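Student: Make a model of this:
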Amino acid sequence: MAKSDEKVIDAKKILRDFQRAYEAKKKWLKQAEEDFQFALGKQWDDDDVEKLSKVGVRALTINKIRPNIFLLTGLESQNRTDYQAYPEGGEDSLVANIVTSLLKNSMKTCDGDYRVSEQFENGLTCGECYMEPYLDYSYDMINPKLKLKAANFFECFPEPGFQMYDLSDAEYFCKIKFDLSKDKLLQIFPDKEKEIDDTPVGKIDLQEWGNLRTLEGMEIQRKGYNKEDDVSVGNIEGEEPLYDLVEYYYKKYVKKYYVAKKGVGLKEVIDDTEADRTIEIDKQTDTAQGRFPMKKITKYEPEIWCAALVGSKVLDNSRCWTYPKWKSYPFIPYFTYRSTQKLKDPELLVQGIVRGLKDPQREVNKRRTQTLRILNTSANSGWISAKGVIADKDAWKDFASSAGVILEYELKKATDQRPEKILPTPLSQGHEQMAQEASDDLKAISGINADLLAMSDKAVSGVAIGIRQRQGMVMVQKIFDNLSQTKRLLGRFILSIFSEIYDVESAIRVLGDQFIKDSFSVPVMQPQPDPMTGQMKQMPVMKQDGSGIEMQLDEKLVQETMNNVLSNSGIGVYDVSVGESASNETTKYANFMVLMDMASKYPGVIPPEVLVGESLISESSKQKITDSIEAQKAAMANNPPQQPPA
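Tutor: Take a look at the predicted model:
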């Protein structure tokens, strides 16, 4: 249960900070909405579509943006990576293996790969997307499930001007949920029914900020907002009222007291009195007579708190559920492109790949529409004839360009000439050239070039195609570097909340009995006489068949190790580092072929077990082959080859 504060934070402060963050992001929100519309196919202004429709012209949409997004998301899917914990020291290898297994299980149970792909696609489109991890207690109140949700672009509002990718320098972070029913609010705050009923303001007016000027006496909006400035829609008049919930995450600076001693470290104490008492005890017990005396340290440390605001009521103000295990906000950002410069127009600082493609896309659509219009109007370009020659003008007007039609004309005078078709104006070369230039601009701006697509008009080898693709990746490498940064942040976050997701028993089930047996078995010891001295000492017990030492599971070691992994908040700092490893078959096969090539060039350098482990055969087959290799090694050790007599 999160720690609650007896002092409720001021609702006006929450709204002021939220207004500041919203106003700084307001222009970007309009751009982001248009980015999504372009990516999904709405690429014309409604007025232009209506004007063309009135003259019988359909506004063509040749969506060349969507394939670029498909390509980049396909590259992300094909090159997915698994989490891998790397030991900081040789003694941390076992811990690293345990952390790796639990990280992979966490991502599997919450469909983490697909959620990250969704975050990546949303970020590609508009420039940013925040992943919100949370715990789902719907079916298990003891061992909740980790869930991941990619937040919508209009829900998250960090403090303007933050520079660190992980949001660590932002003083607050606002998240708004629009149009919640009373039942939904009660699910979140089951003990706040009276406060919800007494809330005079249920909606946040993002246009006028009326509830910032006066927090009391405002009516609940029942007809929705102007869609030009706001993405939320109110409820229909006569239905139950809807509420907007603002979650205000902020840094609360708390005074902390420590005593420090060289070679010992920091120890947190309650207050000044305890600090003085601890220092005095240390002086009395220190045999070195204060050679390294204790020092008292007083400092203000930021804690992450979350206040929930509905209308004018702060329903809750408590320490964030992830603190102190995760000492930042529980939101993992992804930015396609982000600049940290201070600009007059902040909407330029965060962009996706769609932003720069919209003007060339408009050009393509308009040129194709104009070209089709010219072709259609020139199909029946008209006829010229002497007056009175054409007998039925309406028939010539309607059917003169139709196939197989028979039309009549009559030459009444000797000077009359037969009707002649008016030659249509040929298509403008300028239109064709501008359309081609717009298509080329789309490729150049997006960075999706022929190298990345591995397109070639010549027959080339697969190795050459791979090299060209890697060259093409240079243009979009920054996008995938940011994705790797996001995935590492998410991995460290999951590692920090292991104790919320697993207990010792559930973690052991994830690891499996065989892993526990192989990792935590120790020799069975019993008192036996030493052959050299004859004195009794603890010696390993041999198996009855003489095949080796009798082993048993060290239950205490299992408990200590698992408790350390689940509860040690510093494990991700001092013991292991969270990274990535290849998980898709294409990359694994490429790595395997590299190892095979090295093994052929340097025999005996790469153990057979490594080659088996990197192969793509099933795990059960790998285990059988590995067991067979171990058995052969043991047989050779017990029966070494006889040396021929000299």
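Student: Name the helix or strand of the chain that has the lowest mean pLDDT.
Tutor: The weakest-scoring helix or strand in the chain, judged by mean pLDDT, DSSP states H and E, is helix 210-213 (a mean of 47).
Student: Averaged pLDDT, the helix ranked longest in the chain. What do you get?
Tutor: Ranked by residue count and defined by DSSP state H, the top helix of the chain is helix 11-40. Per-region confidence: helix 11-40 scores 93 on mean pLDDT.
Student: and the next element down the chain from it?
Tutor: helix 46-54 (DSSP states H and E).
Student: got the contact list for that next one?
Tutor: Defining contact as CB atoms under 8 Å, 6 or more residues apart in numbering, one finds that helix 46-54 is touched by 58-59, 369. Just so you know, the C-beta spots here come from the backbone N, C-alpha and C atoms, and that holds for glycine as well.
Student: Buried ones in it, by neighbour count?
Tutor: Neighbour counts using 16 or more other CB atoms under 10 Å place residue 52 of helix 46-54 among the buried residues.
Student: Please state the offset of that helix from the chain centre?
Tutor: In this view, helix 46-54 has its centroid 39 Å away from the chain centroid, taken as CA atoms, centre = their mean, to the nearest Å.
Student: Tell me which other helices or strands the very next helix or strand once past it touches.
Tutor: Next along the chain after helix 46-54, taking DSSP H and E as the criterion, comes helix 66-78. Counting contacts by 3 or more CB pairs under 8 Å, 6 or more residues apart in numbering; DSSP states H and E, helix 66-78 is packed against helix 11-40, helix 112-126, helix 477-496.
Student: What's the local residue count around residue 377?
Tutor: Residue 377 has 13 neighbours, counted by other CB atoms under 10 Å.
Student: what does residue 412 give?
Tutor: 11.
Student: Ok, residue 603 next?
Tutor: Residue 603: 7 neighbours (other CB under 10 Å).
Student: Start the count at 32 instead of 1 going forward.
Tutor: Right, with 32 as the first residue, what we last looked at is residue 634.
Student: That one belongs to a helix?
Tutor: No - per DSSP: H, G, I helix; E, B strand; the rest coil, residue 634 lies outside any helix segment and is coil.
Student: for the longest helix of the chain, which positions count as buried?
Tutor: 42, 45-46, 48-50, 52-53, 55-56, 59-60, 62-63, 65-67, 69-70.
Student: So residue 188: helix, strand or coil?
Tutor: Classified using three-state DSSP, residue 188 is strand.
Student: beta partners of it?
Tutor: residue 205 (DSSP bridges).
Student: can you check residue 300 too?
Tutor: residue 288.
Student: neighbours of it, just the number please.
Tutor: Neighbours of residue 300 using other CB under 10 Å come to 18.
Student: swap in residue 129?
Tutor: 26.
Student: tell me the pLDDT at it?
Tutor: For residue 129, the model assigns a pLDDT of 91.
Student: Give me the nearest residue to it, chain neighbours excluded.
Tutor: residue 596 (5.2 Å; CB to CB, 6 or more residues apart in numbering).
Student: re the thing from before, tilt between the longest helix of the chain and helix 143-157?
Tutor: Put simply, helix 42-71 runs at 90 degrees to helix 143-157, going by axes from the mean of the first three to the mean of the last three CA atoms, to 10 degrees.
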